[in-house]
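**Q** kindly generate the corresponding structure for this input.
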Amino acid sequence: MSALLSLLAGVVLAASAAAIPNAGLKTWGRFSKLPYPGDQAFLYDTFPRDFIWAVGTAAYQVEGAFEKDGKGLSIWDTFTRGGNRIATGDVGSDSYHNIQADVRAIRLLGVSHYRFSLSWSRIFPNGTRGSYNEIGTNYYRTLLKRLKEIRVQPVVTLYHWDLPDHLQQHFGGWSNPELVDIFRDYADFCFETFGDDVKYWITIDNPFVVARHGYGTGVVAPGIKSDPDLPFRVGHNLLKAHAAAWHLYDRHYRPRQQGKLSMALASHWIKPSRTRLESLRECQCSLDHVLGWFARPLFTDGDYPPCMKARLGSRLPSFTQEEREQVRGTADFFALSHGAALSFQLINDSLKFGQHEDLDLRMLLYWVNAEYDKPPIFVVQSGWYVLGNTKTEDPKHMYYLKRFIAEALKSIVIDGVNVIGYTAWSLIDGFEWHREYGIRQGLYYVDFNTPDMKREPKTSATFYRNVIQRSGFPELPENRPAQGVFSCDFAWGVSANSIQVETVPSQFADPSVYLWNISNNGALTRLEGFSAPTLRRTAHCADYATIRQQVDEIRQVGVNHFHFSLNWSALVPTGDVSRPNATLLGYYRCFTRQLLKANVTPVVTLWHHTRQRSSLPASLDTANKWLNRETPEAFADYARLCYRELGAHVKMWITLNEPNDETVSYEEGHQMLRAHALAWRAYDGEFRHTQRGQVSLALYMDWVEPAFSFSREDVEPAKRVLDFRVGWFAEPIFGSGDYPVGMRSWMRQLNSLDLPVFNEEDRQLVKGTYDFFAISHFSTKLVTHAKEDSYTYTEILEVQHMIDTTWIMSPRPVVPWGLRKALNWVKEHYCDVPVYVMANGVQEDPARFKDSLRVYYLYNYINEALKAYILDGVNLKGYFAYALSDQRDPGFGLYGQVHEEVIDKASLFNYRNIIQHNGFPIQGAARQQCPSSPPPCLGCYVLVKRPVVGFLTIVGSGVLITLCLIIYYTAKRHKESY
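**A** You can find the predicted model right below:
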């Protein structure tokens, strides 16, 4: 009868296990269908009121006092003294002697829970009850008492990798099944001794690391790597030990203590290398080999994942039916570890199965939720690390914390996952296992060189405290979209680095003769051997098909301005402005004229800086380029040529576009400033009174934000970078006529003579040579003074560049609020100067014609520009989206292209809609009333530019009309005489 019942139980168990096989498999498909990039945008919201905010430590990492007050050796005490290891955790952070300092740090964070582990060998020096150590036990009683005094709940881990060395030496450690009962007895003592004050228990931390890396790769203690099958036997014993402790608690302690118990499981995340189902199954199998190895027995059917069983075969131990029943369901919540753990960094590719390892807590939470039937999930370890030489400024750790917490919030709010708590790891710096003291993970900096191991809060601690106080990331007014419209004369534009040039008119250029099948299909058939006589006619602007096509594309966007660059080296190949390329000049003249006919104002750049080529005439390109003092004069002559030939149609000029590139030397920049000033002065003195245009230069201005905005030590580097990147060109022109004070003082501090000095003549030449302030803005960077990564560290400015890991990337960060801050910087430094955003755009895969990222980008960046205009009082005059077409600016275009076909992208329609509404009008408000602009008068410029010619034209016309009247009346009188 009992055998029959066992068989039936097995059938029922198998049926329940097969009910939703591999339910987590849907995770990848689900997230691939979420709206992009909206789903990746930062979520401003708050956590549930009863959410657990915790911080944690592990005994061996922080306690120290490895031989004090009767403590026995652990496997880590032995492991760190063998092989080529350098440091030990003998002292760690000396928490054994610093309970008050640790509790003070916990209280200042404002957490509700503190996770710590018990040192098994401090309580039972040889691992068994017979070696009980009262003094060691009292240490934990004192800690629990202090936590109770500050109203912080403990989360206690029974085993965090530090097995009593006696058990390893005499029993073989976790490879011996006898440890199941030994661990059960140790757990019994802890439940009985501490249980009245503990509501959350973790039996074993990260059994994957214990089994695979302790008894397989040998990376961690006890460092065994002799038997490739040993890790699976160890994992088997760890599961049975956990189950034994759970049943003990459930039967004897839960009714009175009302606590909850689980095993802390850690995992990486994995993404498919291909979209095929086979890749998804490999991802599922990868997770099964790390997380499912322990989670499936606990949460599903008491047995290992089918994928593990199929691939490992007899290498994987098997559970008896009784053991399966004993293991299944022995977790009251899902305790999940995530972050810089060995289970995330899999060390080698063997468990990735050809897929890509990734860092995505949100997807991992969703997978756990789906795979294990919606358990309550407590993130019991999460965080990142910084290098060991980092002190209290750890923005990298802070931004990873922000990312993980934000992903947990999305998991709750958007995905409906029952995440009940989050644990930042760790409270203080300590001994970091196999990486020793090479990295730091603490929210508090520990000075290991001081006798009392002084603790100081890091930037990550301040950040975490603020998040806890606000219960997440509540939406602030500045995070909400603005409503309103721009001024009626606002310049809506689109930019392109260059335009397509056609030097020979394509119209009337084909001499062939064709037959037109007008009665049937209307096809043209070329007649062989026949050609039409050459037309002797003057070429017209309408003859250029490329002009018509480009102007038509610009007009369809709905803009009233178009910004493009001329090619100096092509217009004046020899450098002699008396011998320009007349054909190209004529083309540009036609292009600007046709733009005006389409009611589009041309905005023309004389010289566009690129890193690939100088675009200087050959004579200058081979003669030191911009370091040649003759180059500014040559540029001024070139500018005069352009003003003279194109100024009738162009009323907005950019002399230099983005000259403030970091690859440009200070001496080159100095000559560029002189070139701009000479060109501006030429227009102001010789052309402005007749052409009535405006001239300035456009500066590249991505925003630079302090990595930690509350730290003066980060605010100063951000100001310094802006001085060197933007103020370098802006201050001489828009400000004092000299380089920024901060820039000069920093160079003096470095004893550098690289920054040129303005003589009085050049100062007066450059100062005030502007009509507006134009910027190109694309993204935002964070800077900090703390060096972390040499690849992104700028030595001369002593700043570390970094990004917020919550930002959308493509490939540069998408940070809309950076534009508003950049515009406000201009206002704060140069008052009410008119400002134009001359280029603003994002790179996206050219094959994505439904370019949702660009739609998101333009909407949000323009909205931030509106905030600067309406809320901040920035004198914003125009906005130009970058760029018109992928053909000229690959990946940035509003138009795509497939072979010869031009494709309208989704962003084009969205941008046009914003333009038509002149911003984001308040819903239900009366439509903005703007006076209609008169159509352009293309002939009127003759009277403005050449008054003498205009006067003679009028006089000649009058004489001609008078002669016609005389002839008419003379002839009429002659007829009447007959």
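**Q** who are the contact partners of the spatially closest residue to Arg212 that is not a sequence neighbour?
**A** Among residues not flanking Arg212 along the chain, Pro231 sits closest, at 4.8 Å (CB to CB, 6 or more residues apart in numbering). Using the backbone N, CA and C atoms, a C-beta is placed for each residue, glycine as well. Counting by CB atoms under 8 Å, 6 or more residues apart in numbering, Pro231 touches 211-212, 215-216.
**Q** if you set the cut-off to 10 Å instead, what comes out?
**A** 174-175, 207-208, 210-217, 224-225, 293, 315 (CB atoms under 10 Å, 6 or more residues apart in numbering).
**Q** next step: the residues you listed restricted to helices.
**A** Under the assignment DSSP state H, the contacts of Pro231 contribute 207-208, 214-215, 293 to helices.
**Q** among those residues, who's most crowded?
**A** Gly214 (30 neighbours; other CB atoms under 10 Å).
**Q** touching, that residue and Trp174? I think so.
**A** Yes: under the criterion of CB atoms under 10 Å, Gly214 makes contact with Trp174 at 7.6 Å.
**Q** how about the strands in the stretch 751-900 of the chain?
**A** 773-776, 780-784, 793-794, 799-802, 808-809, 813-814, 835-840, 876-882, 895-898 (DSSP state E, counting those that start in this stretch).
**Q** tell me which other helices or strands the fifth one touches.
**A** In this case it means strand 808-809. Helices and strands touching strand 808-809, as assessed by 3 or more CB pairs under 10 Å, 6 or more residues apart in numbering; DSSP states H and E, comprise helix 852-870.
**Q** mind giving me the packing neighbours of the helix it packs on?
**A** strand 484-485, strand 808-809, strand 813-814, helix 817-830, strand 835-840, strand 876-882, helix 906-916, strand 919-920.
**Q** that one to helix 906-916, inter-axis angle?
**A** Counting by axes from the mean of the first three to the mean of the last three CA atoms, to 10 degrees, helix 852-870 points 20 degrees away from the direction of helix 906-916.
**Q** how about helix 852-870 as PDB, C-alpha atoms only?
**A** C-alpha atoms of helix 852-870 as PDB (Å, rounded to 0.1, in the frame of the first residue of the first chain):
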ATOM      1  CA  SER A 852      11.200  54.800 -32.500                       C
ATOM      2  CA  LEU A 853      14.400  55.900 -30.800                       C
ATOM      3  CA  ARG A 854      14.600  59.100 -32.900                       C
ATOM      4  CA  VAL A 855      10.900  59.700 -32.400                       C
ATOM      5  CA  TYR A 856      11.500  59.500 -28.600                       C
ATOM      6  CA  TYR A 857      14.700  61.600 -28.800                       C
ATOM      7  CA  LEU A 858      13.300  64.500 -30.800                       C
ATOM      8  CA  TYR A 859      10.100  64.700 -28.700                       C
ATOM      9  CA  ASN A 860      11.900  64.700 -25.400                       C
ATOM     10  CA  TYR A 861      14.800  67.000 -26.500                       C
ATOM     11  CA  ILE A 862      12.500  69.500 -28.000                       C
ATOM     12  CA  ASN A 863      10.400  69.400 -24.900                       C
ATOM     13  CA  GLU A 864      13.400  70.200 -22.800                       C
ATOM     14  CA  ALA A 865      14.200  73.100 -25.100                       C
ATOM     15  CA  LEU A 866      10.600  74.300 -24.500                       C
ATOM     16  CA  LYS A 867      11.200  74.200 -20.700                       C
ATOM     17  CA  ALA A 868      14.300  76.300 -21.200                       C
ATOM     18  CA  TYR A 869      12.300  78.800 -23.300                       C
ATOM     19  CA  ILE A 870       9.200  79.000 -21.200                       C
END
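**Q** give me the mean pLDDT for it.
**A** Mean per-residue pLDDT for helix 852-870: 98.
**Q** work out the gap between it and the centre of the chain.
**A** Relative to the chain's own centre, helix 852-870 is displaced by 17 Å; criterion: CA atoms, centre = their mean, to the nearest Å.
**Q** so how far is His242 from His289?
**A** 19 Å (CB to CB, to the nearest Å).
**Q** okay, those two: which has more neighbours?
**A** A count of neighbours by other CB under 10 Å puts His242 above the other of His289 and His242, at 29 against 23.
**Q** residues in contact with the more buried one?
**A** For His242, the contact set (CB under 10 Å, 6+ apart) comprises 158-159, 180, 183-184, 187, 202-204, 207, 261-263, 294, 297-298, 327, 330-331.
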